[in-house]
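>>> got a structure for you, letters missing:
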């Protein structure tokens, strides 16, 4: 039984690792500077006055019916496929601003990094202070355990709240944009690529069909 349980645990960990690796590979292949959409496309800005188009942001449905969940899913899928790189930029921007607003976290993380670097240095080098090698005053295992405990303390004390803040703010911005940015009113004249066509060619409901009519270039168009 223990062997079976161990095998199950190993299988679950292997499956999780493979899934995370697949997601990471997908994101890294999709999130590139080439697929970052222009700001006017992302925000629905039109005209020389840089005003938001009144048609750029609309709810996925006008009335609630049986097809409402599918239309919500289709809207989210289309926008995440098309604006994935922009959402990554939004998350990075929120993370940068949040980090700069917490100098104590920056100092604490820098201290942890410095202690780990010094610990690694002491493993392979001798530092003589007052005639004694300070690397031998505390064993390597004890130093490692102390640093792990201190790292966890810093993460929970200084990094947890900012991390939750980044996830909450960026998640709210991205979800609101993905829900309300209407794919039927996106001008892709300057940004049309094979990736763009594939992104907006996805979906099988009425909204995705209408979106593809507007967003996918027809044969013969320049």
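Done, it's in. Since we're looking at a predicted model, the values are computed, not measured.
>>> for this protein, longest helix please?
helix 68-100 (DSSP state H).
>>> gap between that one and the chain center?
Taking C-alpha atoms, centre = their mean, to the nearest Å, the mean C-alpha location of helix 68-100 is offset from the chain mean by 8 Å.
>>> what's the angle from the helix or strand following it to helix 68-100?
Later in the chain than helix 68-100, the nearest helix or strand by DSSP states H and E is helix 103-124. Going by axes from the mean of the first three to the mean of the last three C-alpha atoms, to 10 degrees, helix 103-124 is angled at 70 degrees with respect to helix 68-100.
>>> which other helices and strands contact helix 103-124?
Packing partners of helix 103-124 (3 or more C-beta pairs under 8 Å, 6 or more residues apart in numbering; DSSP states H and E): helix 140-154. C-beta coordinates here come from the backbone N, C-alpha and C atoms, glycine included.
>>> for the helix it packs on, which outside residues touch it?
108, 109, 111, 112, 115, 116, 119, 122, 123, 138 (C-beta atoms under 8 Å, 6 or more residues apart in numbering).
>>> can you do 10 Å?
Residues outside helix 140-154 that contact it (C-beta atoms under 10 Å, 6 or more residues apart in numbering) are 105, 108-109, 111-113, 115-116, 118-119, 122-123, 135, 137-139, 159-160.
>>> what's the answer for stretch 155-167, then?
Here stretch 155-167 has contacts from 91-99, 101-102, 104-109, 111-112, 151, 154, using C-beta under 10 Å, 6+ apart.
>>> any regions of the chain where pLDDT drops low?
1-11, 49, 187-222 (pLDDT under 70).
>>> for the residue lying farthest from the centre of it, grab phi and psi.
Relative to the centre of the chain, the most outlying C-alpha is that of residue 131, 50.8 Å out, by C-alpha atoms, centre = their mean. When read as degrees, to the nearest 10, the backbone of residue 131 gives phi 80, psi 10.
>>> please apply the same query to residue 132.
Per degrees, to the nearest 10, the backbone of residue 132 is at phi -130, psi 150.
>>> specify the beta-bridge partners of it.
Taking DSSP bridges as the rule, residue 132 bridges to residue 129.
>>> and the longest helix of the chain, what does it pack against?
helix 2-30, helix 39-43, helix 103-124, helix 160-180, helix 194-201, helix 206-215 (3 or more C-beta pairs under 10 Å, 6 or more residues apart in numbering; DSSP states H and E).
>>> done for today, thanks.
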